[in-house]
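Enquirer: Kindly generate the corresponding structure for this input.
(one chain, ligands or ions: 1)
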Amino acid sequence: MTELHPDIERILISEAEIQKRVEEIAAEIDRDYKNTGPVVLIGILKGAFIFTADLSRKLTTPHSVDFMSLSSYGDTTISTGAVRLILDLRKPITNQHVIVVEDIVDSGNTMSYLYSTLMGRQPASLRTCTLFKKKRDSLDVPLDYVGFDLPDVWVVGYGLDYADTHRTLPYIAALKKEVYS
Ligand code: PRP
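Expert: Numbering: from 1, shown residues only. Modelled structure (predicted):
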C-alpha cells in the first residue's frame with residue numbers, strides 16, 4: 001500500500017469511486033442533452049481543471065470547453081466572501097447551452113456569483129455541475145449535477161487544494177487539522 005502524505009488525515013473518496021461517479025455524471029448529461037445540440041462546458045479554475053478534463057473526455061454530447069478563473073479563498077481555509085474574477089471566458093455564450101463545472105460548492109458564494117453573472121449573458125440554458133458539495137442548510141443557487149456530499153472538513157485532492165498544494169492527489173482526502181488551523 002502506498003504511504004499517505006504526512007499532511008493527510010484519511011482518504012474520504014478513492015480514485016476508483018471518483019472515476020465511476022464522473023462516468024455516471026457524464027451519462028446523465030448525455031441523456032439530458034440528447035436532443036439539444038452542442039454544449040459549452042465552463043470549467044472554473046483552478047480547482048475544476050481535473051474534473052473538467054475527465055468529464056469532457058467521458059461526454060459523448062458534442063461540446064466545447066472554456067474556462068473562467070475565480071478566487072475567494074486565497075491561501076486560507078476561510079472564504080473571504082468576495083469572489084474575484086481573475087480570467088473571463090474567451091467567447092460570448094449568448095444563445096448557447098451552458099454547463100458550469102465546479103470542483104466543490106462550499107459556502108455557495110462562488111456558484112451564486114457565477115450563476116447570476118452567466119445568466120446575465122443570456123445563454124439558451126444554464127445548468128450547474130459540481131463534483132463535491134458540503135452540507136449546507138440553504139444554498140441560493142440550483143445544483144443540477146452533484147457528485148458527492150462531503151463532511152465539513154477541509155479536503156484536498158482531485159483539483160482541490162490547501163494553499164495551492166495537494167491538488168494532484170488522485171483521491172479526496174481530509175487534511176490534518178494542525179496543517180490548516
Ligand atoms: C474553491 C473551489 C470553488 C470555491 C467553492 O476555489 O474551487 O471555486 O472555492 O467555495 P464557495 O462555495 O465557498 O464559494 P478557490 O477560491 O479556493 O480558488 P481555486 O479553485 O483557484 O483553488
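Enquirer: Tell me the residues of this protein that contact the ligand?
Expert: 44-47, 70-73, 79, 102-111, 161 (CB under 6 Å from any ligand atom). Placement of C-beta: from N, CA and C, glycine included.
Enquirer: What about those residues, which are in strands?
Expert: Among these, DSSP state E puts 44-45, 70-71, 102-105 in strands.
Enquirer: my read is residue 156 is in a helix, agree?
Expert: No - using DSSP: H, G, I helix; E, B strand; the rest coil, the secondary structure at residue 156 is strand, not a helix.
Enquirer: ok, the residue lying closest to it once chain neighbours are set aside - contacts?
Expert: Closest residue to residue 156 apart from its sequence neighbours, by CB to CB, 6 or more residues apart in numbering: residue 166 at 3.7 Å. Residue 166 makes contacts with 5, 7-8, 156-157, 160, 173, 175, as judged by CB atoms under 8 Å, 6 or more residues apart in numbering.
Enquirer: of all those residues, which comes closest to the ligand?
Expert: Nearest to the ligand among the contacts of residue 166, counting by CB to the nearest ligand atom, is residue 160 at 6.7 Å.
Enquirer: Quick check: pLDDT value at the closest one.
Expert: Residue 160 is assigned 96 on the pLDDT scale.
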